[in-house]
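Peer 1: Return a 3D structure for these sequence lines:
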Amino acid sequence: MSAMVQSLASSAAEEREWALRCDMAAVFRVAARLGWNEQIGNHNSLMLPDEAEPRFLINPRGYLFQELKASDLIVCDLDGRVLRGSGELRKVAFHIHARIHVQNPAAACVVHVHPRWLTALSLLRDAEFALSHHNNLLLNDRMVYDREGDEPVHVNEEGDRIAHLMGDKSIMVMRGHGVTVVGPTVADAFDECYMAERTAMYQMTALQTGQPLHRLPEGLRRHHHGPWGERMDARLHLDAWRRILDREEPDYAR
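Peer 2: This next block holds a predicted model:
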């Protein structure tokens, strides 16, 4: 048991925070295995329940995803101040994550990564998901494309633009950059990002044949804008990964 856990009183709120920390740490470790992150860059954040003032968990600057543990995550307020934990909040992470959390309270979890296939899609001039794979029937109505972000995010105004563009969508393909996925829970955001990346892989691979993509009928779209986990086994997926990590990388939950 970590020193952090030993130092905490056994209140329900503290137990819930620790459970959320372990979920977040698991997502960092899985993302590292899948090659989603850009060296020590990229960030995932989660608004904490049971707090008097809005606060969020996020990875501190300077860590590889593959080394992060539950106790390493820092707690920040929406002004970017580190309130608990050791480390520094990276500025670009603050401008993206805090502004999305401020403008969209339903976006409790924000996953911002640079996975291979979605990032490759973002480099195309007319980046867009085709309606070709069965996954697209659910994903496509949940996506938005940022076609204006031609430089890194350094100010709140740019973070506000991104948050406004995200609106009620859950996946943003950011031109020349990567992807941001939001959800009401860690499992929702992780599973939707996973599914979007897999679907981008299928599309980009098919395009390499030089043949045109088949298009599924418009009438088959699912038109689901609610939580991803209402339609998909998001929690079960994350739990499955956690069983793997419990065997192979148990330190993630320390």
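Peer 1: can I assume residue 144 sits in a strand?
Peer 2: Yes: counting by DSSP: H, G, I helix; E, B strand; the rest coil, residue 144 is located in a strand.
Peer 1: close enough to count as contact, it and residue 163?
Peer 2: No: with contact defined as CB atoms under 8 Å, residue 144 does not reach residue 163; the gap is 11.3 Å. All C-beta atoms are positioned from the backbone trio N, CA, C, and that covers glycine.
Peer 1: for residue 175, what are its contacts?
Peer 2: When contacts are counted by CB atoms under 8 Å, 6 or more residues apart in numbering, residue 175 touches 122, 123, 127, 145, 146, 147, 148, 149, 150.
Peer 1: and the fifth one, bridged to which residues?
Peer 2: Looking back up the chat, that one is residue 146. Counting by DSSP bridges, residue 146 is bridged to residue 174.
Peer 1: so how many other residues sit close to it?
Peer 2: Using other CB atoms under 10 Å, residue 146 has 20 neighbouring residues.
Peer 1: how much space between it and residue 166?
Peer 2: Noted for residue 146: a distance of 9 Å to residue 166, by CB to CB, to the nearest Å.
Peer 1: More neighbours: residue 144 and residue 163, which one.
Peer 2: Ranked by neighbour count (other CB under 10 Å), residue 144 and residue 163 place residue 163 first, with 25 against 17.
Peer 1: Quick one, grab the pLDDT at the more buried one.
Peer 2: What the model reports for residue 163 is a pLDDT of 94.
Peer 1: Kindly export the helix or strand hosting it (C-alpha atoms) in CSV.
Peer 2: Using DSSP states H and E, residue 163 sits within helix 156-166. Output of helix 156-166 as CSV, limited to C-alpha atoms (Å, rounded to 0.1, in the frame of the first residue of the first chain):
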residue,chain,number,x,y,z
ASN,A,156,-6.7,30.2,-22.6
GLU,A,157,-8.3,31.7,-25.6
GLU,A,158,-7.2,28.9,-27.8
GLY,A,159,-8.3,26.4,-25.1
ASP,A,160,-11.7,28.1,-25.1
ARG,A,161,-11.9,27.8,-28.8
ILE,A,162,-11.2,24.1,-28.6
ALA,A,163,-13.7,23.6,-25.8
HIS,A,164,-16.4,25.6,-27.7
LEU,A,165,-15.8,23.6,-30.9
MET,A,166,-16.0,20.3,-28.9
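Peer 1: mind listing what's buried in it?
Peer 2: By 16 or more other CB atoms under 10 Å, the buried positions in helix 156-166 come out as 158, 159, 161, 162, 163, 165, 166.
Peer 1: just stretch 108-121 next, same as before
Peer 2: Quick answer for stretch 108-121 (16+ other CB under 10 Å): 108, 109, 110, 111, 112, 113, 114, 115, 117, 118, 119, 121.
Peer 1: Tell me the spacing between the nearest residue to the second one once chain neighbours are set aside and residue 145.
Peer 2: Counting by CB to CB, 6 or more residues apart in numbering, residue 109 lies nearest to residue 189, which is 4.1 Å off, once chain neighbours are set aside. Using CB to CB, one obtains 18 Å as the distance from residue 189 to residue 145.
Peer 1: more neighbours, these two?
Peer 2: Neighbour count, other CB under 10 Å: between residue 189 and residue 145, residue 189 has more, with 29 against 18.
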